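1. Fold the stuff below for me.
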Amino acid sequence: MPVYTYRCENCGVQFERHQSFTDDPLKTCPECRKKALKKVITPTKIIFKGSGFYATDHKSPSGETSRKKGEKKEGDSKESKPAASKPAPGESSD
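-> Got it, this is the predicted structure:
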């Protein structure tokens, strides 16, 4: 269940309350009993545990889909060129 923070606009008291997503927001202040409560937007508390949260943990760049073997990516116009043969050590290149 999420924790919501409320603040009374009348007396200024601020408190947290565990509520379900489907529960109606609170309206009445527990201190002054006026209908002046408003939800306070607070940053979400997230703790990342384990691997997989760094860019170096992914094999493909973000948003790129994996390709099947033999498929070319659009823009890949490089054709494979045969490697130039180099003479073995001790052989002449004449």
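
2. Show me the shaky parts of the protein.
-> Applying pLDDT under 70 to the chain flags residues 50-94.

3. all strands for it, in order.
-> With DSSP state E applied, the chain shows strands at 3-8, 14-18, 37-40, listed in chain order.

4. So which of the ones you listed is nearest Cys29?
-> Between Cys29 and the strands of the chain, the shortest gap by CB to CB is with strand 3-8, which sits at 4.0 Å. For glycine as for every other residue, the C-beta is placed from the backbone atoms N, C-alpha and C.

5. For Glu31, find the nearest of the strands of the chain.
-> Proximity of the strands of the chain to Glu31 was assessed by CB to CB; the nearest stretch is strand 3-8, lying at 6.6 Å.

6. Would you mind putting the CA coordinates of that closest one into PDB?
-> What follows is strand 3-8 as a C-alpha-only set of coordinates in PDB (Å, rounded to 0.1, in the frame of the first residue of the first chain):
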ATOM      1  CA  VAL A   3       2.000   6.100   1.800                       C
ATOM      2  CA  TYR A   4       0.400   9.500   1.100                       C
ATOM      3  CA  THR A   5       1.400  12.700   2.800                       C
ATOM      4  CA  TYR A   6      -1.300  15.200   3.800                       C
ATOM      5  CA  ARG A   7      -1.100  18.800   4.900                       C
ATOM      6  CA  CYS A   8      -3.900  20.900   6.500                       C
END
